[in-house]
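>>> sequence and predicted structure below; questions after.
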Amino acid sequence: MFGPGIDRAALEVMVASQRHRGPDATGMHVSPTGLAALGHNRLSILDLSDAGRQPMANAEGRYWIVFNGEVYNYLELRQELAGHYRFRTGTDTEVLLAAYQQWGEACLDRLIGMFAFAIWDEREQRLFAARDRFGVKPLYLYDRPDGGLWLVSEIKALHAAGIPAEADDISWATYLVSGMYDHGPRTFWKGVRRLAPGGCLTWSESTGLQERVWYDVTAAARQLGADERSDKDVGDELLALLAESVKFRFRADVPVGICLSGGFDSSLLLGLVHRIQGSDSTVKTFTFYCGDNNYDETPWVEQMLAATRHPSFFCRLAADEVPELAARVQASQDEPFGGLPTLGMAKVHERALAEGVTVLLDGNGLDEGWGGYDYYRRAAEIDSTIGPVQGARARTDANHCLNPDFARLSAAFIPPQPFDDPLLNLQYRDIRYAKIPRAMRFADRVSMMYSRELREPFLDHRIVELGLRQRPERKIRNETVKWLPRQVARQLVPGGVCEAPKRPVQTPQREWLRGPLRDWVETQLAIVLEELGNTWFDAPKVRNQWQRYQEQGGDSSFFLWQWVNLGLMLRNRDATPACTLLGCE
């Protein structure tokens with residue numbers, strides 16, 4: 001909290017609402033001037049002693065920090081700073097504090113990690129806050145009418161403190177019309193904004209709030225220039241970066257595990273773990289499945305793990321678990337989320353908690369940086385204004401079910417086209433606006449729901465930038481996507497895995513919604529139509545579309561999940577004291 005009239009009771013409520021993000025310790029600091037108050041919940045990862053608690057101050061007490069995430073190259077930075085700062089802890093938090101003390105805002109360029117942090121300067125009475133390059137860690141803003149500023153990791157903290165939970169009609173209309181969410185500063189709640197990925201801000205009582213973008217992946221890629229080296233030279237650098245990135249993300253004073261599917265990225269991740277730790281690695285692996293042979297990848301995972309020493313845990317998501325689990329996940333997300341795959345990841349993190357594994361690695365990021373999606377093959381034909389739907393060849397158009405006046409509120413999404421190459425532009429859309437922002441939000445909330453930390457080694461900015469510098473034929477060659485990473489992986493994994501086609505992480509969502517979950521869907525739709533059937537939706541058309549889906553199915557169930565998700569949010573409104581959710585009193 002920054003600004004006049006700091007309310008310590010509200011701060012305590014906000015911190016309590018986010019306790020799941022850090023159950024190991026809670027701390028608060030209120031500035032003697034009354035202009036700043038910091039609260040923090042700690043999930044202990046490095047230096048598990050009390051010395052690592054936050055808010056943390058430097059030795060002189062000038063700078064105070066609250067920090068969410070990890071700076072993976074903290075040991076290298078610590079060595080560089082050793083002559084300038086006397087360290088008292090073994091945390092990356094203190095390294096970040098020292099880096100800011102030494103280099104100011106320019107410290108951001110030296111960080112390899114995922115982070116959202118706020119640093120209060122007691123001498124200057126000035127705030128500096130920043131978010132990592134790709135928005136892996138969240139940071140939400142609320143501009144107070146009195147000129148103050150509140151920052152939180154989850155929107156529910158604002159609602160818990162009394163900020164009305166009132167729907168942003170434009171965000172909802174945009175989501176329901178185009179499928180886009182998490183693509184800009186707007187959230188689904190009025191008055192609540194998100195700081196952009198790669199964004200930072202300053203605030204003081206005299207100057208107010210100032211925001212800027214400190215990292216833009218297009219500028220970074222352009223600055224490095226097109227890569228004219230040989231395939232071998234680029235492949236060697238990619239392999240070295242992949243190995244270092246995975247090695248960095250094993251830095252922890254708590255157990256680390258890995259999430260495995262049966263796809264190429266997971267196989268590559270496992271191969272890198274063996275390269276770093278040896279073939280006798282005993283890192284625990286976690287895989288979710290749904291018990292449907294048409295979708296489950298357990299045979300491929302079992303093949304990957306054969307002749308290894310990894311304890312493996314297969315976490316089944318059953319249809320009868322979905323209603324209760326979806327309600328709990330929705331409460332953790334605060335905004336619409338991505339359907340059954342997110343529920344499957346909830347099962348993984350729940351099992352990781354039971355097995356005492358605090359940190360998990362997964363394979364997000366390589367597809368966007370290195371051209372891994374099948375639709376990248378026809379990049380010039382893709383309508384980039386429509387949100388891509390995972391695992392579907394086309395998005396079912398159910399916009400005719402919306403009230404025309406409501407649908408007109410939708411804000412047109414026209415992503416920038418910073419490159420001459422349509423493939424690069426599509427990659428940029430997915431990195432900055434579409435796939436990565438939403439995937440990172442889903443992943444952060446569902447992992448933090450169980451107080452687990454999820455790390456993304458393939459989303460290391462150096463790997464992404466290297467991918468964007470490459471000619472199209474290094475990413476897609478002879479219809480093979482992610483061509484160069486597959487060549488690199490030959491040194492790490494069996495050849496058959498390298499040649500395996502891209503398989504989206506799919507679930508039987510299409511079949512379950514019209515089968516064993518039909519009554520549950522009916523209930524959610526009834527809630528939606530009772531509240532919004534005359535404002536947002538055309539109720540008869542919704543019922544007809546649902547009836548048609550029950551009878552015929554379809555390639556995509558996304559539109560139906562959107563409606564179900566809306567029903568879940570309407571159900572959850574009564575749990576939020578200040579809620580006027582979706583305009584319903």
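Right, received. Where do you want to start?
>>> can you pull out the strands in the stretch 1-150 of the chain?
If you assign secondary structure with DSSP state E, counting those that start in this stretch, the strands in the stretch 1-150 of the chain sit at 25-30, 37-42, 56-57, 63-71, 113-121, 126-131, 140-143, 149-152.
>>> Arg486 is nearest to which of the ones you listed?
Ranking the strands of the stretch 1-150 of the chain by their distance to Arg486 (criterion: Cβ to Cβ) puts strand 113-121 first, at 26.1 Å. Using the backbone N, CA and C atoms, a C-beta is placed for each residue, glycine as well.
>>> circling back to that earlier point, just send the strands of the stretch 1-150 of the chain back as CSV, with mean neighbour count too.
Converted to CSV, the strands of the stretch 1-150 of the chain look like this (neighbours: other Cβ atoms under 10 Å):
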stretch, mean neighbour count
strand 25-30, 16
strand 37-42, 23
strand 56-57, 20
strand 63-71, 24
strand 113-121, 23
strand 126-131, 22
strand 140-143, 20
strand 149-152, 22
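>>> right, so of those, which gets closest to Leu566?
The closest approach between Leu566 and any of those, judged by Cβ to Cβ, belongs to strand 140-143 at 20.8 Å.
>>> what's near enough to touch Cys401?
537-538, 541-542, 545, 559 (Cβ atoms under 8 Å, 6 or more residues apart in numbering).
>>> skipping its backbone neighbours, what lies nearest it in space?
Ranked by Cβ to Cβ, 6 or more residues apart in numbering and with sequence neighbours excluded, the top spatial neighbour of Cys401 is Lys541, at 4.4 Å.
>>> the residue most central in space within the chain: which element?
Closest to where the C-alpha atoms of the chain average out (Cα atoms, centre = their mean) is Met440, at 1.0 Å. If you go by DSSP states H and E, Met440 is part of helix 435-448.
>>> on that earlier part again, output the strands of the stretch 1-150 of the chain in a markdown table, with mean pLDDT and distance to Val13 appended to each entry.
Formatted as a markdown table, the entries for those read as follows, by pLDDT from 0 to 100; distance: least, Cβ to Cβ, whole Å:
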| stretch | mean pLDDT | distance to Val13 |
| --- | --- | --- |
| strand 25-30 | 98 | 12 |
| strand 37-42 | 98 | 10 |
| strand 56-57 | 98 | 22 |
| strand 63-71 | 98 | 16 |
| strand 113-121 | 98 | 18 |
| strand 126-131 | 98 | 21 |
| strand 140-143 | 98 | 14 |
| strand 149-152 | 98 | 11 |
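>>> select, out of those strands, the one closest to Ala489.
Ranking those by proximity to Ala489 (Cβ to Cβ) places strand 113-121 first, at 24.0 Å.
>>> what's the angle between that closest one and helix 435-448?
Calculated by axes from the mean of the first three to the mean of the last three Cα atoms, to 10 degrees, strand 113-121 forms an angle of 80 degrees with helix 435-448.
>>> contacting residues for the residue nearest to Met28 when sequence neighbours are not counted?
On the basis of Cβ to Cβ, 6+ apart, the spatially nearest residue to Met28 that is not a chain neighbour turns out to be Gly39, at 4.7 Å. For Gly39, the contacting residues are 11-12, 14-15, 26-28, 55, 66, taking Cβ under 8 Å, 6+ apart as the criterion.
>>> tell me the one of the residues you listed nearest Arg309?
Each of the contacts of Gly39 was checked against Arg309 using Cβ to Cβ; the closest is Thr26, at 38.2 Å.
>>> rewinding a little: mind checking what helix or strand follows the helix holding Met440 in sequence?
From helix 435-448, the next helix or strand downstream (DSSP H and E) is strand 453-455.
>>> what lines up beside that following strand in the sheet?
strand 359-361 (parallel) (DSSP bridges).
>>> which strands and helices lie in contact with the helix or strand that the strand it pairs with is followed by?
Sequence-wise, the next helix or strand downstream of strand 359-361 (DSSP H and E) is helix 366-370. Contact here means 3 or more Cβ pairs under 8 Å, 6 or more residues apart in numbering; DSSP states H and E; on that basis helix 366-370 packs against helix 264-277, helix 422-432, helix 435-448, helix 461-468, helix 483-489.
>>> then helix 366-370 to CSV, C-alphas only?
Listed in CSV are the C-alpha atoms of helix 366-370, where the atom choice follows Å, rounded to 0.1, in the frame of the first residue of the first chain:
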residue,chain,number,x,y,z
LEU,A,366,9.7,-23.7,-26.3
ASP,A,367,6.8,-23.8,-28.8
GLU,A,368,6.3,-20.0,-28.8
GLY,A,369,10.0,-19.2,-29.1
TRP,A,370,10.9,-21.9,-31.6
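>>> elements contacting the next helix-or-strand element following it?
In the C-terminal direction, the helix or strand that comes right after helix 366-370 (DSSP H and E) is helix 404-407. Helix 404-407 sits against helix 169-178, with contacts defined as 3+ Cβ pairs under 8 Å, 6+ apart.
>>> next, work out how far apart the spatially closest residue to Asp367 that is not a sequence neighbour and Ile386 are.
Using Cβ to Cβ, 6+ apart and skipping residues adjacent in sequence, the residue nearest Asp367 is Tyr373, 5.5 Å away. Distance check for Tyr373 against Ile386: by Cβ to Cβ, to the nearest Å, it reads 14 Å.
>>> coming back round to it: dump the helices and strands packed on helix 366-370 into JSON lines; add distance to Leu96 and mean pLDDT as well.
What follows is these, written out as JSON lines (distance: least, Cβ to Cβ, whole Å; pLDDT from 0 to 100):
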{"stretch": "helix 264-277", "distance to Leu96": "25", "mean pLDDT": "95"}
{"stretch": "helix 422-432", "distance to Leu96": "24", "mean pLDDT": "96"}
{"stretch": "helix 435-448", "distance to Leu96": "19", "mean pLDDT": "97"}
{"stretch": "helix 461-468", "distance to Leu96": "17", "mean pLDDT": "97"}
{"stretch": "helix 483-489", "distance to Leu96": "31", "mean pLDDT": "95"}
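>>> possible to save those helices as a markdown table with distance to Pro32?
Conversion of the helices and strands packed on helix 366-370 to a markdown table gives the following (distance: least, Cβ to Cβ, whole Å):
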| stretch | distance to Pro32 |
| --- | --- |
| helix 264-277 | 47 |
| helix 422-432 | 41 |
| helix 435-448 | 32 |
| helix 461-468 | 38 |
| helix 483-489 | 53 |
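>>> and of those, who's closest to Gly147?
Between Gly147 and the helices and strands packed on helix 366-370, the shortest separation by Cβ to Cβ is 28.6 Å, and it involves helix 435-448.
>>> for the closest one, enumerate the helices and strands it packs against.
Contacts defined by 3+ Cβ pairs under 8 Å, 6+ apart place helix 435-448 against helix 322-333, helix 340-354, helix 366-370, strand 453-455.
>>> the residue nearest to Cys401 and Gly554: what is the separation?
From Lys541 across to Gly554, the span is 16 Å (Cβ to Cβ).
>>> tell me which stretches of the stretch 101-250 of the chain form helices.
Chain-ordered helices for the stretch 101-250 of the chain, with DSSP state H, counting those that start in this stretch as the definition, fall at 155-160, 169-178, 217-224, 231-248.
>>> what mean pLDDT does the first one have?
When you say that, I think you mean helix 155-160. Mean pLDDT, taken over the full extent of helix 155-160, equals 97.
>>> quick revisit: report the contact partners of the residue nearest to Asp367.
Neighbouring residues of Tyr373 by Cβ under 8 Å, 6+ apart: 367, 388, 430, 481, 502.
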